[in-house]
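Visitor: Sequence first, then the predicted structure:
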Amino acid sequence: MEAQHLHAKPHAEGEWSTGFCDCFSDCKNCCITFWCPCITFGQIADIVDRGATTCGTAGALYALITAVTGCGCIYSCFYRQKMRAQYNIRGDDCGDCLKHFCCELCALTQQYRELKHRGFDMNLGWAGNMERQQNQGGVVMGAPAFQGGMTR
């Protein structure tokens, strides 16, 4: 049985909950991502990695890679792939890399909105979200259970 957060909005199984170019549907995050994408990336990484990577560590590494190579998008595309796998969202690795390479900001804001849509408070990080769920006696948020077999 898949864990669902009480405030999650329904959307088509296997699809992103918002469009790739819906950046302005969350203007605050759009502005933060435009001026400092390492913050948005750090928040995403913390939740996707289930707290194994902290927001600060992931954001700092993203900023360092971007400053040294100009290619933070290579690092962030791996998190898009991981997130798609966790939530059974359709797509492919090549498409993920192209999206991050061509429009890093749209890709990051879409991932941020997806996690928000799935009930995460992005400001709390993984640990804060888990604590909030335990205090509310709610269902723990996380990736759906893996169902083996071919999907194509």
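Guide: Everything's here; your move.

Visitor: Figure out the helix or strand that the nearest residue to Leu105 once chain neighbours are set aside lives in.
Guide: Ranked by CB to CB, 6 or more residues apart in numbering and with sequence neighbours excluded, the top spatial neighbour of Leu105 is Thr33, at 5.3 Å. C-beta coordinates here come from the backbone N, C-alpha and C atoms, glycine included. Here Thr33, judged by DSSP states H and E, is contained in helix 27-35.

Visitor: And Gly42, by the same measure?
Guide: Assessed by DSSP H and E, Gly42 sits inside helix 37-48.

Visitor: Could you tell me how far that helix lies from the centre of the chain?
Guide: Helix 37-48 has its C-alpha centroid displaced from the chain centroid by 7 Å (CA atoms, centre = their mean, to the nearest Å).

Visitor: Just want the angle from that helix to helix 27-35.
Guide: Computed by axes from the mean of the first three to the mean of the last three CA atoms, to 10 degrees, the angle separating helix 37-48 from helix 27-35 equals 120 degrees.

Visitor: Quickly note the distance from the residue nearest to Leu105 to Ala85.
Guide: 23 Å (CB to CB, to the nearest Å).

Visitor: These two: which has the busier surroundings?
Guide: Neighbours per residue (other CB atoms under 10 Å) separate Thr33 from Ala85, with Thr33 holding more: 23 against 13.

Visitor: Contacts only, for the more buried one.
Guide: By CB atoms under 8 Å, 6 or more residues apart in numbering, Thr33 lies in contact with Cys23, Ile39, Thr40, Leu105, Leu108, Thr109, Tyr112.

Visitor: before we move on, the earlier item: so what's the model's average confidence on the helix holding Thr33?
Guide: The average pLDDT within helix 27-35 is 95.

Visitor: do the same with stretch 55-63
Guide: On average, stretch 55-63 scores 96.
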